[in-house]
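>>> Take a look and give me a structure for this.
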Amino acid sequence: MTTENQLEKGQHQQGTESPISTPSLHDNTPDQDDISEPKSEKHAKDDGILVEFSKDSHDPSNPATFSNLKKWWIIAVISTTSTMVTCASSVVSTGYQGIEMDLHVSHEVAILGLSLFVLGLGSGPIFLAPFSEFYGRRPVYLLSLTAFFLLGFPVAFANNPAVFFIFRYLTGFAGSAFLSVAGGSITDMYSPKYSFFPMAVYTSSPFMGPVLGPVYSGFVVQFADWRWSFRVIIIWSFVQLILVAFTPETFPPQLLIQKARRIRKETGNNSYYAQHERDLAAKSLVKTIAVSGSRVFLLLALEPMLLLLCLWCAILLGILYLFFELFPIVFAKHNFNDYQNGLSFLGLGIGVMSGVVLMKFWFAKRYTRLSEKNGGKAPPEARLDPAKLGAILCPIGLFIFAFTSYRNVHWIAPIIGSIPFGVGFLLIFTSVFTFTTDNWRPVAASGMGANSVARSIFAAAFPLFATQMASRLTTTGAAALLAGLNVVIIPLPFVFARYGPQLRAKSKYAMK
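Numbers count the residues shown, from 1 in each chain. Prediction:
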């Protein structure tokens, strides 16, 4: 029984670490029992030589040994692409008036341009994410971004509402790959101990997109027309497509397949193989997608702790997208024009970026200390510390926004109120994503998929009733109601942190 260790002995831990431990925004890659990972260093078949990563820290095929520059190049590309995709969701919000006039639809129907795109973002990962486990991250990036680029043209040049709305959904569906797969690229390169800050940087990018959308599209609509908001996205997506083309593969099993093929070609010996090659031969892509999708809803039904976390994230994202309707109503009292309405979202952006700074200089260091105290691995509940602060900051920000939204209060006050909401938003999402991954590690991908489905439904629905809500309750009453709802949720991370071990012990899928 022979292994490839005689040629390049050993395997770095990233080669065996499950890629489904990905705290990605819309992660829905197959779980551990759907796709097998490369076996241990000592494993070999009688009929072949197992190819593994070398223990040599300079092994160019191992993503864990990529240089810091190369790693951060990859993070920068996938993060900016994620920002671009989610930016495309909200650019429509400043162009409703033009859409209503040109496509002859009501305001309520025009809002579907936002809602359908978000539904595409939520439904796409169930079908697209499993492809990365079969073919690697890079091919999925290239194909999805190419589709996103091409599907953007019918949206920008649509002359009837059916074309506009159908292709808005399809562009969201295509772009969702960067929300379901991109986080996996980060955990391909970093061990859990060191992934907190890179993951926080990536996690912030899909939430900066919706903030940036109204900022730039407000200027475009003010000085050009609504169609140019989408044409800018087409240009941006083409630039990102070029950048992605120069981004290397990071999925360890796929890199081992490439390594095995290279060795077979160089040696002429077809005995060399990568474990993932044989695993895939016994797998069906269609079945994997079906199992992955069904398990999403199974977990929501059987895991109350996961269900509550998903609902929490869904409410928060719903509020963020509701702001695209509520902000223009509030700032119309101050006679804001289109681009000024867009600039009003910068408070949220400042909050999100402040959350990233907190993750870097406070929570990441705290988590490292807890890991060292627990023999190198902190319990899943340690991931909930940022959510505790975020749970307090979100209602504070919403209350400030609510009670400063009067005409006689300076316009800067509600924008300032949106900053703590943005901070809390980022802290909660980063915390919930990493906790879900650690707590439900055997089925982490399905857990993240469940979160994705819940979030997309709420984010699509909230803008549809925002105008009626503000009309009946006033903007102050609407924002105060949302703040009160968030106050009720404050105990959630504290309860899970305190009773997490007992709850995990009763769970069928959580780590014991």
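
>>> what's the spacing between residue 256 and residue 379?
In this view, residue 256 and residue 379 are 31 Å apart by C-beta to C-beta, to the nearest Å. C-betas here are computed from N, CA, C, even on glycine.

>>> Ignore what I typed, I meant residue 248.
Counting by C-beta to C-beta - residue 248 and residue 379 are separated by 34 Å.

>>> swap in residue 367?
Distance from residue 367 to residue 379, by C-beta to C-beta: 11 Å.

>>> what does residue 392 give?
22 Å.

>>> Repeat that for residue 180.
Distance from residue 180 to residue 379, by C-beta to C-beta: 27 Å.

>>> Looking at those two, which has the bigger crowd around it?
residue 180 (32 against 17; other C-beta atoms under 10 Å).

>>> Does the more buried one touch residue 128 like I think?
Yes - counting by C-beta atoms under 8 Å, residue 180 touches residue 128, with 6.3 Å between them.

>>> which residues touch residue 363?
196, 385, 386, 427 (C-beta atoms under 8 Å, 6 or more residues apart in numbering).

>>> What are the boundaries of the strands in this structure?
Remark: strands assigned in the chain by DSSP state E are 49-50, 272-273.

>>> Mind putting those strands into JSON lines with distance to residue 491 and mean pLDDT?
As requested, these are exported to JSON lines (distance: least, C-beta to C-beta, whole Å; pLDDT from 0 to 100):
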{"stretch": "strand 49-50", "distance to residue 491": "50", "mean pLDDT": "88"}
{"stretch": "strand 272-273", "distance to residue 491": "52", "mean pLDDT": "90"}
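
>>> Among those, which comes closest to residue 93?
strand 272-273 (51.7 Å; C-beta to C-beta).

>>> Where do the helices of the stretch 101-250 of the chain begin and end?
107-110, 112-135, 137-157, 161-175, 177-180, 182-189, 196-223, 227-245 (DSSP state H, counting those that start in this stretch).

>>> Next up, the contacts around residue 168.
Residue 168 neighbours (C-beta under 8 Å, 6+ apart): 92, 112, 113, 116, 117, 120, 155.

>>> Recalculate using a threshold of 7 Å.
Counting by C-beta atoms under 7 Å, 6 or more residues apart in numbering, residue 168 touches 113, 116, 117, 155.

>>> Can I get those residues in CSV including neighbour count and distance to residue 277?
Converted to CSV, the contacts of residue 168 look like this (neighbours: other C-beta atoms under 10 Å; distance: C-beta to C-beta, whole Å):
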residue, neighbour count, distance to residue 277
113, 26, 44
116, 23, 39
117, 30, 37
155, 25, 40
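
>>> where does this protein have low pLDDT?
Counting by pLDDT under 70, the chain shows low-confidence ranges at 1-46, 56-57.

>>> roughly how far out does stretch 124-140 sit from the chain middle?
Taking C-alpha atoms, centre = their mean, to the nearest Å, one finds the center of stretch 124-140 at 14 Å from the center of the full chain.

>>> Ok, stretch 359-372 next?
For stretch 359-372 - counting by C-alpha atoms, centre = their mean - the centre lies 22 Å from the chain centre.

>>> For that stretch, list every residue counted as buried.
Residues of stretch 359-372 classed as buried: 359, 363, 364, 367, 370, 371 (neighbour count, 16 or more other C-beta atoms under 10 Å).

>>> Please apply the same query to stretch 501-512.
For stretch 501-512, by 16+ other C-beta under 10 Å, it's 503, 504, 507, 509, 510.

>>> Could you list which of the residues you listed belong to helices?
503, 504 (DSSP state H).

>>> Switch the buried residues of stretch 501-512 over to a markdown table; also include distance to residue 289.
Formatted as a markdown table, the buried residues of stretch 501-512 follow (distance: C-beta to C-beta, whole Å):
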| residue | distance to residue 289 |
| --- | --- |
| 503 | 30 |
| 504 | 29 |
| 507 | 25 |
| 509 | 20 |
| 510 | 24 |
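
>>> In the buried residues of stretch 501-512, find the pair that's most separated.
So, the buried residues of stretch 501-512 by C-beta to C-beta: farthest apart are 503 and 509, at 11.7 Å.

>>> which residue packs closest to residue 126, ignoring adjacent ones?
residue 293 (4.6 Å; C-beta to C-beta, 6 or more residues apart in numbering).

>>> my read: that neighbour touches residue 128, true?
No - contact criterion C-beta atoms under 7 Å: residue 293 and residue 128 do not qualify, at 11.5 Å.

>>> the more surrounded of the two?
Of the pair residue 293 and residue 128, residue 128 is the one with more neighbours under other C-beta under 10 Å, namely 26 against 19.

>>> How much space separates that one from residue 209?
Counting by C-beta to C-beta - residue 128 and residue 209 are separated by 18 Å.

>>> what's near enough to touch residue 365?
Counted by C-beta under 7 Å, 6+ apart, residue 365 has zero contacts.

>>> Could you rerun that using 10 Å?
196, 197, 359 (C-beta atoms under 10 Å, 6 or more residues apart in numbering).

>>> measure it to residue 374 for me?
For residue 365 relative to residue 374 (C-beta to C-beta), the value is 15 Å.

>>> top helix in the chain by residue count?
helix 444-489.

>>> Quick one: distance of that one to the chain centre.
18 Å.

>>> tell me the angle of it relative to helix 196-223?
70 degrees (axes from the mean of the first three to the mean of the last three C-alpha atoms, to 10 degrees).

>>> which other helices and strands contact helix 444-489?
helix 68-90, helix 107-110, helix 112-135, helix 177-180, helix 285-302, helix 304-332, helix 385-403, helix 412-439 (3 or more C-beta pairs under 10 Å, 6 or more residues apart in numbering; DSSP states H and E).

>>> and the closest residue to residue 329 other than its chain neighbours, what does it touch?
Leaving aside its sequence neighbours, residue 329 sits nearest to residue 470 (C-beta to C-beta, 6+ apart; 5.2 Å). Neighbouring residues of residue 470 by C-beta under 10 Å, 6+ apart: 322, 325, 326, 329, 330, 405, 476, 477, 478, 479.

>>> Roughly how far does the first one sit from residue 329?
In this view, residue 322 and residue 329 are 11 Å apart by C-beta to C-beta.

>>> and the closest residue to residue 441 other than its chain neighbours, what is it in contact with?
Leaving aside its chain neighbours, residue 441 sits nearest to residue 511 (5.5 Å; criterion: C-beta to C-beta, 6+ apart). Neighbouring residues of residue 511 by C-beta under 10 Å, 6+ apart: 379, 380, 438, 439, 440, 441, 442, 444, 504.

>>> and the nearest residue to residue 115 once chain neighbours are set aside, how many neighbours?
Leaving aside its chain neighbours, residue 115 sits nearest to residue 460 (4.0 Å; criterion: C-beta to C-beta, 6+ apart). By the criterion of other C-beta under 10 Å, residue 460 has 25 neighbours.

>>> ditto for residue 378
20.

>>> Also residue 495?
Residue 495: 14 neighbours (other C-beta under 10 Å).

>>> What of residue 484?
Residues near residue 484, counting by other C-beta under 10 Å: 13.

>>> do the same with residue 482
26.

>>> how far away is it from residue 394?
Using C-beta to C-beta, we find residue 482 at a distance of 9 Å from residue 394.

>>> where do the contact lists of these two overlap?
With C-beta under 10 Å, 6+ apart, residue 482 and residue 394 have common neighbours 315, 316, 319, 421.
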